[in-house]
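# structure, please.
(chains A and B)
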Amino acid sequence: MIEIHRLSKSFGDQQVLHDISATFHPGKVNFIIGRSGSGKSVMTKCTVGLLEPDQGHVSYNGRDFTAMDRSGRKSVRQEIGMLFQGSALFDSMTVEENVVFPLRMFTDHSEAEMRDRAAFCLERVELPKAAAKYPSELSGGMQKRVGIARAIAMNPKYLFCDEPNSGLDPQTSIVIDNLIGDLTAEFNMTTVVVSHDMNSVMEASDFIHFVHQGQIAWHGPSDDLLHAEHPELEAFIFASKLMKKVRSTPPSKP
Amino acid sequence: MGLFFHIGRYVSFLRSVLRRPEKASVFRRLLAEEMAAIGLQSLGIVALLSVFMGAVICIQTAHQIGGWIPVYTIGFTVRQTMILEFSPTLIPVILAGKVGSNIASQLGTMRVTEQIDALEIMGVNSAGHLVLPKMLAALLCIPFLVILSMGLGIGAGAWVAVSAGLSSMADFEYGMRIDFNAFDVTYALLKTCVFALIISSVSAYHGYHTSGGALEVGRSSTKAVVYAVVIVMIANLLLTQMLLG
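Numbers count the residues shown, from 1 in each chain, chains lettered A, B, ... in the order given. A predicted model of the protein is given here:
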């Protein structure tokens, strides 16, 4: 479980996060949703330690991450996998080397064991034949899947995904969403997904935090999302014509 | 204020860079790759420039001497210019353009495409992992390039002097040996080592702290070269005053 307690963050005079608190549940896909500039990416970066919060703390299974020294954080980070918006694959390495990289850095596995693990992870994301390719030779969706394979290589307890569907077509997005959902259940990870893609939210989320103007304006299980009575959340969810149509269409009789 | 901010951030950056590498085997491999990139891939340009500079210095010196100035001055001038200034200062300045911009743009691209964040998330000390092999490779390779440059420049000078009839080989050799002080070579290599560290660390600093997109990567690369060259020139003055003044 990841707990965020009264987190605040400013850049100069601009306060981006205001006293934010949230809990991300294990074995669930926890979504952070909100408009562009609402503070969801800053919240995630503070959670994983890429940004230092001005106030508040973050704990991973009760361990106060914000209070830890470098070596303490290093050990927690080895339990974290992250899928970046642009995949962030190392472009000088092949796909297999990308997946092997964290194992090479932090384990004493033999070369054969590392290759086996990479093969398993690539198999799991349905890219067994891409091992020898370079990231530049892959499509956006394939790069995302390699990013997921690298993120799960160390058997993480926590998986963060920053806009996993950005730049992908709807069908590939669903493949990525399902993959994230399946892996979360399979490895019992605490998964946090940052997104403003409502299709993705409806497809993959178990629990949702809606960030508005640097605060958690609404949170709850995904089943409650469409019935939430919150003006900003409603405006966000039903912004598109498709979602407006979904709301106006009465449920069909069984 | 900006200057103090950058000095502070540079010192803090160097502290991160100089931490013990995560894994020796990975570090050795990265070091070998960087030595190939910084050393081997610079051999051609260093050799070319040194040969032409040695030849030009020889012709210019021959053009200026005459009458009471002895011909062996050509060998003396070529030696002194190559050892004291051209090889240890101008070769690093040229490498600041080639190697420095490469380091800055590589790290800048890694920063804007979140590859550095990916390393940090994994628990890797990204500054140490990416920059220390580059700094060490520069420190090991650039002095060798400078020694090579000295040899090639003097050799080219001798060849031009003899083949163009500017001096006999005996006169050139005599000039090369006259009043030779071995400390000049030590001085040259000492300042080369300092310049190698300046070029690699200043370029890495600018690349590592890039923010934004492709435009900023280009800006970081330009800044890296400009700042590295300016700092090399200031260090050159200070070191020359300290060691020879």
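# show me where the stretch 101-250 of chain A dips below the pLDDT cut-off.
A:247, A:250 (pLDDT under 70).
# and the gap between the residue of it found nearest chain B and residue A:30?
Residue of the stretch 101-250 of chain A nearest chain B, by CB to the nearest CB: residue A:102 (5.0 Å). To be clear about C-beta, it is placed using only N, CA and C from the backbone, and glycine gets the same treatment. As judged by CB to CB, to the nearest Å, residue A:102 and residue A:30 stand 23 Å apart.
# what helix or strand is the residue of the stretch 101-250 of chain A closest to chain B on?
helix A:95-106 (DSSP states H and E).
# report all helices and strands that that helix contacts.
Helices and strands touching helix A:95-106, as assessed by 3 or more CB pairs under 8 Å, 6 or more residues apart in numbering or on different chains; DSSP states H and E, comprise helix A:111-124, helix A:140-152, helix B:115-122.
# distance between the last one and the chain's centre?
When distances are taken as CA atoms, centre = their mean, to the nearest Å, helix B:115-122 is centred 30 Å away from the chain's centroid.
# what angle separates the helix or strand just after that helix from helix B:115-122?
Once the chain leaves helix B:115-122, the next helix or strand it forms, by DSSP H and E, is helix B:126-163. Here the directions of helix B:126-163 and helix B:115-122 differ by 140 degrees (axes from the mean of the first three to the mean of the last three CA atoms, to 10 degrees).
# which strands and helices sit next to the next helix or strand after helix B:126-163?
Using DSSP H and E, the next helix or strand after helix B:126-163 towards the C-terminus is helix B:169-177. Under the contact criterion of 3+ CB pairs under 8 Å, 6+ apart, helix B:169-177 touches helix B:73-81, helix B:126-163.
# name the helix or strand for residue A:16, please.
Under the assignment here (DSSP H and E), residue A:16 is part of strand A:14-24.
# run me through the strand neighbours of that strand, direction for each.
Strand A:14-24 sits in its sheet next to strand A:2-11 (antiparallel), going by DSSP bridges.
# contacting residues around the partner strand?
Strand A:2-11 has contacts (CB atoms under 8 Å, 6 or more residues apart in numbering or on different chains) with A:15-24, A:39, A:42-43, A:46-47, A:51, A:53-60, A:158, A:190, A:192.
# near chain B, which residues of the stretch 151-254 of chain A?
A:154, A:160 (CB under 8 Å from any CB of the partner chain).
# now do the strands in the stretch 151-254 of chain A.
Under the criterion DSSP state E, counting those that start in this stretch, the stretch 151-254 of chain A contains strands at A:158-162, A:190-195, A:207-212, A:215-221.
# could the ones you listed go into a markdown table alongside mean neighbour count and distance to residue B:242?
Output for those, formatted as a markdown table (neighbours: other CB atoms under 10 Å in any protein chain shown; distance: least, CB to CB, whole Å):
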| stretch | mean neighbour count | distance to residue B:242 |
| --- | --- | --- |
| strand A:158-162 | 25 | 50 |
| strand A:190-195 | 26 | 54 |
| strand A:207-212 | 23 | 57 |
| strand A:215-221 | 17 | 58 |
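# residue B:193 is nearest to which of those strands?
strand A:158-162 (42.1 Å; CB to CB).
# for the residue of the stretch 101-250 of chain A closest to chain B, what are its contacts?
So, once contact is read as CB under 8 Å, 6+ apart, residue A:102 ends up touching A:78, A:150, A:153, A:154, B:122.
# what comes up buried for stretch A:16-32?
A:16, A:17, A:20, A:22, A:24, A:28, A:29, A:30, A:31, A:32 (16 or more other CB atoms under 10 Å in any protein chain shown).
# mind picking the two most distant members of these?
A:16 and A:28 (25.8 Å).
# just to revisit the earlier point, tabulate the strands of the stretch 151-254 of chain A in JSON lines, adding columns for distance to residue B:154.
Formatted as JSON lines, the strands of the stretch 151-254 of chain A follow (distance: least, CB to CB, whole Å):
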{"stretch": "strand A:158-162", "distance to residue B:154": "57"}
{"stretch": "strand A:190-195", "distance to residue B:154": "62"}
{"stretch": "strand A:207-212", "distance to residue B:154": "68"}
{"stretch": "strand A:215-221", "distance to residue B:154": "71"}
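# of those strands, which approaches residue B:99 most closely?
When those are compared by CB to CB, strand A:158-162 sits nearest residue B:99, at 33.2 Å.
# can you map out the helices along the stretch 151-254 of chain A?
A:170-187, A:198-204, A:231-237, A:241-248 (DSSP state H, counting those that start in this stretch).
# residue B:90: which of the buried residues of stretch A:16-32 is nearest?
residue A:16 (48.0 Å).
# settle this for me: that closest one is touching residue A:39, isn't it.
Yes: Residue A:16 is within contact range of residue A:39, at 4.8 Å (criterion: CB atoms under 8 Å).
# what is in contact with the two at once?
Common neighbours of residue A:16 and residue A:39, using CB under 8 Å, 6+ apart, are A:9, A:214.
# counting neighbours, what do you get for residue 235?
Just so you know, I chose chain A. 11 (other CB atoms under 10 Å in any protein chain shown).
# wrong one, chain B
Based on other CB under 10 Å, the number of other residues close to residue B:235 is 17.
# and if you look at the one 10 residues further on?
Around residue B:245 there are 8 other residues, counting by other CB under 10 Å.
# chain neighbours aside, what residue packs nearest to residue 175?
No chain in the question, so chain A it is. residue A:141 (6.9 Å; CB to CB, 6 or more residues apart in numbering or on different chains).
# switch to chain B, that's the one I care about
Nearest residue to residue B:175, sequence neighbours excluded (CB to CB, 6+ apart): residue B:75, at 2.7 Å.
# what's the answer for residue A:2, then?
Residue A:2 sits nearest to residue A:24 (CB to CB, 6+ apart), 4.2 Å away.
# can you pull the contacts of that neighbour?
Residues in contact with residue A:24, defined by CB under 8 Å, 6+ apart, are A:1, A:2, A:3, A:4, A:30, A:190, A:191, A:192, A:207.
# mind doing that once more with 7 Å?
A:1, A:2, A:30, A:190, A:192 (CB atoms under 7 Å, 6 or more residues apart in numbering or on different chains).
# cool, residue B:134 as well?
By CB under 7 Å, 6+ apart, the neighbours of residue B:134 are B:34, B:103, B:200, B:204.
# let's see it at 10 Å
Neighbouring residues of residue B:134 by CB atoms under 10 Å, 6 or more residues apart in numbering or on different chains: B:17, B:30-31, B:33-35, B:37-38, B:99, B:102-103, B:106-107, B:199-201, B:203-204, B:207.
# in PyMOL, select just the buried ones from these.
PyMOL command restricting the contacts of residue B:134 to the buried ones, with burial defined by 16+ other CB under 10 Å:
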select buried, chain B and resi 17+30+31+34+35+37+38+99+102+103+106+107+199+200+201+203+204+207
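# in helices, which of the contacts of residue B:134 appear?
Taking DSSP state H, the ones among the contacts of residue B:134 that sit in helices are B:17, B:30-31, B:33-35, B:37-38, B:102-103, B:106-107, B:199-201, B:203-204, B:207.
# looking at it, residue A:118 is touching residue A:153, isn't it?
Yes: under the criterion of CB atoms under 10 Å, residue A:118 makes contact with residue A:153 at 6.9 Å.
# any residues in contact with both of these two?
With CB under 10 Å, 6+ apart, residue A:118 and residue A:153 have common neighbours A:98, A:99, A:100, A:101, A:103.
# and the residue nearest the centre of the chain?
If you meant another chain, say so; for now it's chain A. residue A:161 (2.0 Å; CA atoms, centre = their mean).
# wrong one, I was asking about chain B
The centroid of chain B falls nearest to residue B:92 when counting by CA atoms, centre = their mean (2.3 Å).
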